[in-house]
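Novice: pasting the sequence and the predicted coordinates here, then a few questions.
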Amino acid sequence: EGRIFYEPKVNIYEKGGFFNVHEDGMQLTLLVVLSDEFEGGGTAFYQNDVTGQTQTSNDDKHREPQSICRPPMGTAMIWGGALEHMALPVLSGMRSVFVGSFDLGTEYRATIASPT
């Protein structure tokens, strides 16, 4: 009851900035890269096993991501909210991204009128 999300928002990562491995907990996440004046950074994604559970380790630093995305400024990425991911550390400069996580509940679905 009553989860509070402070999104959509702009995340700004300066040198050393990152976001630990997590799931967003919503149905969809949208991320748009807003800057290109940085080194490092990017988004790492982690693979689920055949049961749909995320492969876990006691220390996330030793987990190998399935993929790492470092798209250019202006690129949008979208993924399912149950996918574990992290913002990788920025080595220099400043990385800015727009991020929003959304549930597509039935009250928000558009209805399509049938032709009469």
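Specialist: Arrived safely, thanks for sending.
Novice: so what does the helix or strand of the chain with the lowest mean pLDDT touch, helix or strand wise?
Specialist: Ranked by mean pLDDT, DSSP states H and E, the weakest helix or strand in the chain is strand 19-22, scoring a mean of 94. Strand 19-22 makes packing contacts with strand 85-87 when contacts are defined by 3 or more C-beta pairs under 8 Å, 6 or more residues apart in numbering; DSSP states H and E. No exception for glycine: its C-beta is placed from N, CA and C like everyone else's.
Novice: what lines up beside the helix or strand that the strand it packs on is followed by in the sheet?
Specialist: Heading C-terminal from strand 85-87, the first helix or strand you meet, by DSSP states H and E, is strand 90-102. In the sheet containing strand 90-102, its partner strands are strand 9-14 (antiparallel), strand 28-33 (antiparallel), strand 38-40 (antiparallel), by DSSP bridges.
Novice: can you tell me which of these is most buried?
Specialist: Among the strands paired with strand 90-102, judged by mean count of other C-beta atoms under 10 Å, the one packed with the most neighbours on average is strand 28-33 (a mean of 19).
Novice: show me how far that strand is from its chain's centre.
Specialist: Once both centres are worked out by C-alpha atoms, centre = their mean, to the nearest Å, strand 28-33 turns out to sit 6 Å from its chain's centre.
Novice: run through who's touching that strand.
Specialist: Residues external to strand 28-33 that are found in contact with it (C-beta atoms under 8 Å, 6 or more residues apart in numbering): 8, 43, 71-81, 95-104.
Novice: buried only: go through those residues for me.
Specialist: Applying a neighbour-count criterion of 16 or more other C-beta atoms under 10 Å, the buried members of those are 43, 77, 79, 95-97, 99-102.
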